[in-house]
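Asks: this is the structure alone, sequence omitted:
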């Protein structure tokens, strides 16, 4: 099956007719359909499938003489953010299967096992923990903590697994299958989440690092009251404290050349005619320098506290996930560059987006990334795009890389 055919098969799954964006949240019907598609693709190619209780999937092209412990893994994820784009994640999985096909067309006989992976809940769009699947797989997160996670609808993670046809019992017992057993290197292809390659006028680049980033929850509390009968001077309105904090985060990020975004807000009681009693908002902060990112968050927290004192409200800040800078393996990246560019020459660029590749790299697995040009520069939104010609160039680059690494 060609890249184009696989892409057409996935295109309708989880797509909103209203916005054109995608709702492929983990352990929902759309994501379950995608996991079934993955099984079909693995089976059609005669690959050995390994699935853990969380739903992480790896399809192995094994050696003729049996398994080995120096496997090369590629792939990405199939879930999306709310109303997200088509390419973030699925491009890496589809390209991985297409690269396997290209290697077979070339008559390549790998000397190391070659696997295609699809990790779950990479975006953290349902349970608020980015790269949850890969973090649990490498042991960077614990099931004891993960099992307590609750989604927006009040569903706890174990119940979500059961509803999706999965059995969390092995996770509870601590004897779940290790989907990363035997992995000695990981290469992830991903659509670029920016316009660097547009400006360079090249279709494919290598990754150098992932910027430090994190998510902090700001809980603002005040006093719920009537919007019509409560005098302005008598109010303890946490919405005002939040509004100032959002503006402060934006200003501080601009001054420091960083990224700061309040993209999710929950208000209680969330009524038009009510002064809210509570506002919870999530800050996403990123930048090239770890200390600068932490200083930014500290400054925003201080300004929020000062404003809360004036508003008669209170604020509590909780770090939900914080990731240090991740540098990809220089030796692995150089080998891929030599294989793809016939002697070197691919651009090597950083990214401000988090990836499963970063989790595996932090776990000590030599890791590299390939980025495919995104002409729109838009990501995490319906406007995310990649031209078919660039996608096919990405497949060829990935195939070249995997051929070199498994020769």
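Replies: In hand now; what should we look at? Here the structure is a predicted model, which means the values were calculated and not measured.
Asks: point out where the stretch 51-200 of the chain drops to low pLDDT.
Replies: 64-67 (pLDDT under 70).
Asks: which residues in it form strands?
Replies: Along the stretch 51-200 of the chain, the stretches classed as strands by DSSP state E, counting those that start in this stretch are 57-61, 71-77, 114-119, 183-191.
Asks: just checking, next helix/strand downstream of the longest helix seen in the chain?
Replies: Counting residues, the longest helix in the chain under DSSP state H turns out to be helix 290-311. Next along the chain after helix 290-311, taking DSSP states H and E as the criterion, comes strand 314-323.
Asks: what residues are up against the nearest residue to residue 225 once chain neighbours are set aside?
Replies: Nearest non-adjacent residue to residue 225, counting by CB to CB, 6 or more residues apart in numbering: residue 275, 4.4 Å away. (Glycine included, C-beta is placed from N, CA and C.) Residue 275 is in contact with 222-227, 230, 235, 237, 239, counting by CB atoms under 8 Å, 6 or more residues apart in numbering.
Asks: any idea how the chain splits into domains?
Replies: 3-211+325-405, 213-323 (automatic domain parsing).
Asks: distance between the first one and the chain's centre?
Replies: Here domain 3-211+325-405 is found 9 Å from its chain centre; the criterion is CA atoms, centre = their mean, to the nearest Å.
Asks: cool, the last one as well?
Replies: Between the mean C-alpha point of domain 213-323 and the mean C-alpha point of its chain there is a distance of 24 Å (CA atoms, centre = their mean).
Asks: gap between the two ends of it?
Replies: Using CA to CA, to the nearest Å, the end-to-end distance of domain 213-323 comes to 5 Å.
Asks: in the stretch 151-300 of the chain, which spans are helices?
Replies: With DSSP state H, counting those that start in this stretch as the criterion, the stretch 151-300 of the chain has helices at 157-163, 169-173, 196-200, 238-256, 290-311.
Asks: what's in contact with the first one?
Replies: Outside of helix 157-163, the residues that reach it under the criterion CB under 8 Å, 6+ apart are 26-27, 53-55, 126-127, 146-151, 155, 167-168, 171-172.
Asks: name the residues of it that are buried.
Replies: 157-158, 160-161 (16 or more other CB atoms under 10 Å).
Asks: do the last one as well
Replies: Using 16+ other CB under 10 Å as the test for burial, helix 290-311 gives 290, 293-294, 296-297, 299-301, 303-305, 307-308, 311.
Asks: pLDDT on it, on average?
Replies: In this model, helix 290-311 has a mean pLDDT of 98.
Asks: name the residues that touch it?
Replies: 212-214, 216, 218, 220, 222, 236-238, 240-241, 244-245, 248-249, 252-253, 256, 258, 260, 283, 285-287, 314-315, 317, 324-325.
Asks: so how far is residue 241 from residue 247?
Replies: Residue 247 sits 11 Å away from residue 241, going by CB to CB, to the nearest Å.
Asks: may I ask you to confirm that residue 361 is in contact with residue 326?
Replies: Yes: in this structure, residue 361 is within contact of residue 326 by CB atoms under 8 Å, at 5.1 Å.
Asks: sorry, back to before: quick one: the longest helix of the chain to strand 314-323, angle?
Replies: Relative orientation of helix 290-311 and strand 314-323, computed by axes from the mean of the first three to the mean of the last three CA atoms, to 10 degrees: 170 degrees.
Asks: any idea of the angle helix 290-311 forms with helix 238-256?
Replies: Angle between the axes of helix 290-311 and helix 238-256 is 150 degrees (criterion: the same axes, to 10 degrees).
Asks: adjust the sequence numbering to begin at 349 for everything that follows.
Replies: Sure, I'll start counting at 349 from here, so that last one is helix 638-659.
Asks: mind checking how far residue 373 is from residue 379?
Replies: The gap separating residue 373 from residue 379 is 6 Å, by CB to CB.
Asks: shared neighbours, those two?
Replies: With CB under 8 Å, 6+ apart, residue 373 and residue 379 have common neighbours residue 427.
Asks: coming back round to it: out of the helices of the stretch 499-648 of the chain, nearest to residue 389?
Replies: helix 505-511 (22.5 Å; CB to CB).
Asks: picking up where we left off before, among the domains of the chain, which is the most enclosed?
Replies: With neighbours taken as mean count of other CB atoms under 10 Å, the domains of the chain reach their highest mean count in domain 351-559+673-753, at a mean of 19.
Asks: what's the end-to-end length of that domain?
Replies: Domain 351-559+673-753 has its terminal residues 22 Å apart, counting by CA to CA.
Asks: likewise for stretch 563-581?
Replies: 33 Å.
Asks: over to stretch 686-702?
Replies: Using CA to CA, the two ends of stretch 686-702 sit 26 Å apart.
Asks: contacts only, for residue 544.
Replies: Applying CB under 8 Å, 6+ apart, we find residue 544 in contact with 553, 695, 697.
Asks: hmm, 7 Å instead?
Replies: residue 697 (CB atoms under 7 Å, 6 or more residues apart in numbering).
Asks: now it: how far from residue 640?
Replies: Distance, residue 544 to residue 640, using CB to CB: 20 Å.
Asks: also residue 572?
Replies: On the measure of CB to CB, residue 572 and residue 640 end up 37 Å apart.
Asks: hang on, the earlier thing: I'd like the distance between the residue nearest to residue 573 and residue 578.
Replies: Residue 623 is 6 Å from residue 578, by CB to CB.
Asks: try residue 419
Replies: Remark: distance between residue 419 and residue 578 (CB to CB) = 64 Å.
Asks: how about residue 610?
Replies: 26 Å.
Asks: next one: residue 626
Replies: Distance from residue 626 to residue 578, by CB to CB: 16 Å.
Asks: for residue 717, same thing?
Replies: 53 Å.
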